[in-house]
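**Student:** task: produce atomic coordinates for the following.
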Amino acid sequence: MQRATNESDGQAALDGAALQQKIAAAEAGEREQLLGEAVRGQAAAILDHITIEDDTNFLENGLTSLKALELTRNLMTLTNIEIPLVAVIEHPTPAHLARFMAETYAENGGGAQ
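**Tutor:** Presented below is the predicted three-dimensional model:
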């Protein structure tokens, strides 16, 4: 994941332009893989760098409602895919969430509308 420092508030701002280009150019299977990498990376950062595998359950590894909100926002910023907060609960592993995101991307013709 690419991070850029936001000098005005001192917090890291996510820059997903490169990832969004890769997602747009990817075939369906590769797109899901790219999204899976993004989900695992963001989840690892938010859950204090624990090892995140495709079948790691978010809730069983300390995902709170605030962390779920942060994960959802970060992923939407990185990918430009609209993700409802409940998606993290309904799709509780990186593999499931990445599949949901890939399907959402395909249904919407690519990215947030």
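
**Student:** quick one, helices of the protein?
**Tutor:** 17-25, 28-46, 65-79, 87-90, 94-107 (DSSP state H).

**Student:** for L59, which of these is the nearest?
**Tutor:** helix 87-90 (7.5 Å; Cβ to Cβ). Placement of C-beta: from N, CA and C, glycine included.

**Student:** quick one: which of the helices of the chain is nearest T56?
**Tutor:** Closest to T56 of the helices of the chain, according to Cβ to Cβ: helix 94-107, at 6.3 Å.

**Student:** of the helices of the chain, which approaches N57 most closely?
**Tutor:** Comparing the helices of the chain by Cβ to Cβ, helix 94-107 comes nearest, at 9.7 Å.

**Student:** by contact count, what packs against the closest one?
**Tutor:** helix 28-46, helix 65-79, helix 87-90 (3 or more Cβ pairs under 8 Å, 6 or more residues apart in numbering; DSSP states H and E).

**Student:** 7 Å instead, please
**Tutor:** In terms of contacts (3 or more Cβ pairs under 7 Å, 6 or more residues apart in numbering; DSSP states H and E), helix 94-107 is packed against helix 28-46, helix 87-90.

**Student:** single out the most deeply packed of these.
**Tutor:** Most buried of those by mean neighbour count (mean count of other Cβ atoms under 10 Å) is helix 28-46; its value is a mean of 19.

**Student:** need the contact partners of it.
**Tutor:** 1, 19, 22-23, 26, 50, 52, 54, 58, 67, 70-71, 74-75, 78-79, 94-95, 97-99, 101-102, 105-106 (Cβ atoms under 7 Å, 6 or more residues apart in numbering).

**Student:** for that helix, the distance to its chain's centre please.
**Tutor:** Here helix 28-46 is found 6 Å from its chain centre; the criterion is Cα atoms, centre = their mean, to the nearest Å.

**Student:** that one vs helix 65-79, what angle?
**Tutor:** Interaxial angle, helix 28-46 versus helix 65-79 (axes from the mean of the first three to the mean of the last three Cα atoms, to 10 degrees): 140 degrees.
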